[in-house]
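J.: After the sequence you'll find the predicted model.
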Amino acid sequence: MQKYNLSEIMSQAWFWFRNDDISLSSIEWIAYGVEEKTFSACLKASWEKAKEEVQEKAEELKAISTSEELKAFNWAEKKLGVSLDLSDERKFNAVINESKYAWNGTSIWSIAMKAVRICVSNQAA
């Protein structure tokens, strides 16, 4: 079961409801046919926003699990004979962050090797 930040959902709904500068048309998640800005409409929109964010995060994690960056990081771990206790997302981000400092055209595999070495040195410190 997916957990949501209920406090954030309620805060967002109250913000939309109380703020006179925000009209119904500017709230992206308002259901079609709602004509009056009520707290109920704002709360429903806030829930829709939260559900959309959770779905986007799940899709992002699914894409990471099949990414070339993650495959390269796992390969580099095996090649260097180390096993890091990192989530797939952290491994992916380590390679992406390291690729920012690499020359254009540098192999993702060599970037992953450097990312693994950095992660190993950070854990040792």
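T.: Perfect, I can see it now.
J.: show me where pLDDT drops low in the chain?
T.: Counting by pLDDT under 70, the chain has low-confidence residues at 1-2, 125.
J.: how about the helices of it, start to end?
T.: In the chain, the helices defined using DSSP state H lie at 6-18, 39-65, 68-80, 88-99, 108-124.
J.: Can you add mean neighbour count and give the ones you listed back as TSV?
T.: For every residue, glycine as well, the C-beta is placed using N, CA and C. TSV is the format used below for the helices of the chain (neighbours: other CB atoms under 10 Å):
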stretch	mean neighbour count
helix 6-18	14
helix 39-65	15
helix 68-80	17
helix 88-99	18
helix 108-124	17
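J.: mind giving me the domain split of the protein?
T.: When the chain is parsed with automatic domain parsing, its domains come out as 6-63, 67-124.
J.: Show the end-to-end separation of the last one, please.
T.: Across its full length, domain 67-124 reaches 27 Å between end residues, using CA to CA, to the nearest Å.
J.: and what of stretch 32-39?
T.: End residues of stretch 32-39 are separated by 16 Å (CA to CA).
J.: Pick out the residue closest to the middle of this structure.
T.: K57 (5.1 Å; CA atoms, centre = their mean).
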